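A.B. asks: Fold the stuff below for me.
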Amino acid sequence: MVIGSVRARQDRLGDKHGDKVLPITIHGDSAIAGQGVVQETFNMSQARGFQVGGTVRIVVNNQIGFTTSNPRDTRSTMYCTDIAKMVQAPIFHVNADDPEAVAFVTRIALDYRNTFKRDVVIDLVCYRRHGHNEADEPNATQPLMYQKIKKHPTPRKLYADVMMEREEIGIDTATQLVNEYRDALDHGEVVVKEWRPMAMHSVDWSPYLGHEWDMKWDNEFELGRLKELGQRICQYPESHNLQSRVNKLYNDRMAMIEGEKVIDWGMAETLAYATLVDDGKRIRISGQDSGRGTFFHRHAVLHNQGDASTYVPLAHVHDKQGPFQVFDSVLSEEAVLAFEYGYATAEPGGLTLWEAQFGDFANGAQVVIDQFISSGEQKWGRLCGITMLLPHGYEGQGQSTHRHV
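C.D. replies: Numbers count the residues shown, from 1 in each chain. Below you'll find the predicted structure:
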């Protein structure tokens, strides 16, 4: 979701190389090794429809996941960050008790990302001083670990000792800083520098607030203009040699515009997209079969049979149209839908669609649907206009991809 939100902002700013927006994701050591969505996003990191110029991934490696701390139980690799090796991402292991080393490594990681536009990982080797929530008593399950942690000085104490040894501060100054900080917390004061995003990076959902679900909406479109758009989206270069079935489909669409054939779903959908880009709206579609369409019905991307070049009619409606992008995604559901959810949260005025290759493929992304799409507004006030296309059922084959098993 973070990466999708970043991609939306980059697209809006025309930032093709990731120079203006930087995604940073924070993981736990058990989560980065254990959550499949991590592998999916690494796999997407250089794919054309999803690349953002590299993500800085910070691992808070406290060497425990809830109550699981033995590496023989948490993973099958030496390091929790070994998953990043699948894309040859540099991995910097650093002692989190040393803030200067952490700052140094962070600069190196940022230099790498900004130079090579690829993912990079910072592994903060640290510990969890208390339980994973207020009621947890970690000594019950990790007695030896927490006996050591209890005796171990905090990073603040360690760094204060280093600075005093270097005669940069005295004991009185160190004590004063701690007391001032605690007093500020006790009085509810802001203890970090306030930061506001630049306007060009921000997102404004205010025009969409406070409306009734059943409000009337003028969805009329002038017939003459619709026919004109229909003709334009059926045009392609003469040098573009279409496959015979695709050629027939486009000939049929021209007949639909002339009223000689009944408009089918594929043409109706394409006309709807044309009206939106004609009005300057951005459209983004992604899925494992989105260029062609599951039932051979869309063909938004035309493949030249001679040289394999592609042409997208909806991207050539007119010079001042809104962007139209369609991406055949990696073969993942959860991460791709999460990416598109993030994209849609940062692009209020556009149409963002995720398409399941077949309807039951949504099963592989159910966690995103449950935790974010269906409940994000209620839980966090997070608005999102994503549209999900779940093609299945009415063509006679049934709703399950695995019907043949």
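A.B. asks: what bridges to Phe92?
C.D. replies: Ile122 (DSSP bridges).
A.B. asks: so how far is Phe104 from it?
C.D. replies: Phe92 is 9 Å from Phe104, where distance means CB to CB, to the nearest Å. For glycine as for every other residue, the C-beta is placed from the backbone atoms N, C-alpha and C.
A.B. asks: who has more neighbours, these two?
C.D. replies: Under the criterion of other CB atoms under 10 Å, the comparison of Phe92 against Phe104 puts Phe92 first, with 19 against 13.
A.B. asks: any idea how far that one is from Gly224?
C.D. replies: 61 Å.
A.B. asks: do the same with Met198
C.D. replies: Met198 is 43 Å from Gly224, by CB to CB.
A.B. asks: Kindly report the same for Ala308.
C.D. replies: Taking CB to CB as the measure, Ala308 falls 37 Å from Gly224.
A.B. asks: same thing with Gln10?
C.D. replies: Taking CB to CB, one finds Gln10 at 37 Å from Gly224.
A.B. asks: Can you give me the pLDDT of Asp123?
C.D. replies: You'll see Asp123 listed with a pLDDT of 99.
A.B. asks: swap in Thr401?
C.D. replies: The model reports Thr401 with a pLDDT of 61.
A.B. asks: same question, Arg232
C.D. replies: Per-residue confidence at Arg232 stands at 96 (pLDDT).
A.B. asks: can you pull the contacts of the residue nearest to it when sequence neighbours are not counted?
C.D. replies: In space, and not counting its chain neighbours, Arg232 is closest to Val317: 5.4 Å by CB to CB, 6 or more residues apart in numbering. The contact partners of Val317, by CB atoms under 8 Å, 6 or more residues apart in numbering, come to 229, 232-233, 274, 277-278, 324.
A.B. asks: Surely Ser286 is in contact with Gly49?
C.D. replies: Yes - at 5.6 Å, Ser286 and Gly49 qualify as touching, with contact defined as CB atoms under 8 Å.
A.B. asks: shared neighbours of those two, anything?
C.D. replies: 327-329.
A.B. asks: Could you chop this structure up by domain?
C.D. replies: 2-152, 223-389 (automatic domain parsing).
A.B. asks: could you dump those domains to TSV with distance to Lys193?
C.D. replies: Shown next, in TSV, are the domains of the chain (distance: least, CB to CB, whole Å):
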stretch	distance to Lys193
domain 2-152	16
domain 223-389	24
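A.B. asks: ok so, going back, just the ones in helices from the contacts of Val317, please.
C.D. replies: Residues of the contacts of Val317 located in helices (DSSP state H): 229, 232, 274, 277-278.
A.B. asks: circling back: more neighbours: Ser286 and Gly49, which one.
C.D. replies: The neighbour comparison of Ser286 against Gly49 (other CB under 10 Å) goes to Ser286, with 25 against 19.
A.B. asks: Checking that one next. Helix, strand or coil?
C.D. replies: strand (DSSP: H, G, I helix; E, B strand; the rest coil).
A.B. asks: Contact partners for it?
C.D. replies: 49, 326-329, 336, 339-340, 353-355.
A.B. asks: just the buried members of those residues?
C.D. replies: 49, 326-329, 336, 339-340, 353-355 (16 or more other CB atoms under 10 Å).
A.B. asks: Among the residues you listed, which ones are in strands?
C.D. replies: Counting by DSSP state E, those place 326-328, 353-355 in strands.
A.B. asks: so which of these comes closest to Ile108?
C.D. replies: Phe327 (32.2 Å; CB to CB).
A.B. asks: Check what pLDDT the closest one gets.
C.D. replies: 97.
A.B. asks: Quick check: chain neighbours aside, which residue is closest to it?
C.D. replies: Gly49 (3.0 Å).
A.B. asks: Kindly confirm whether my reading is correct that the one you found touches Glu340.
C.D. replies: No - counting by CB under 8 Å, Gly49 does not reach Glu340; the two are 9.8 Å apart.
A.B. asks: Could I get the full set of strands for the chain?
C.D. replies: 24-28, 56-61, 91-95, 120-125, 283-287, 302-303, 310-311, 324-328, 351-355, 387-389.
A.B. asks: still on that earlier bit, could I get the buried ones among the contacts of Ser286 as JSON lines with distance to Leu110?
C.D. replies: What follows is those, written out as JSON lines (distance: CB to CB, whole Å):
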{"residue": "Gly49", "distance to Leu110": "25"}
{"residue": "Val326", "distance to Leu110": "33"}
{"residue": "Phe327", "distance to Leu110": "28"}
{"residue": "Asp328", "distance to Leu110": "32"}
{"residue": "Ser329", "distance to Leu110": "28"}
{"residue": "Val336", "distance to Leu110": "27"}
{"residue": "Phe339", "distance to Leu110": "23"}
{"residue": "Glu340", "distance to Leu110": "27"}
{"residue": "Leu353", "distance to Leu110": "34"}
{"residue": "Trp354", "distance to Leu110": "31"}
{"residue": "Glu355", "distance to Leu110": "35"}
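A.B. asks: any idea which of the ones in strands among the buried ones among the contacts of Ser286 is the one closest to Arg166?
C.D. replies: Checking these against Arg166 with CB to CB, the nearest one is Phe327 at 53.3 Å.
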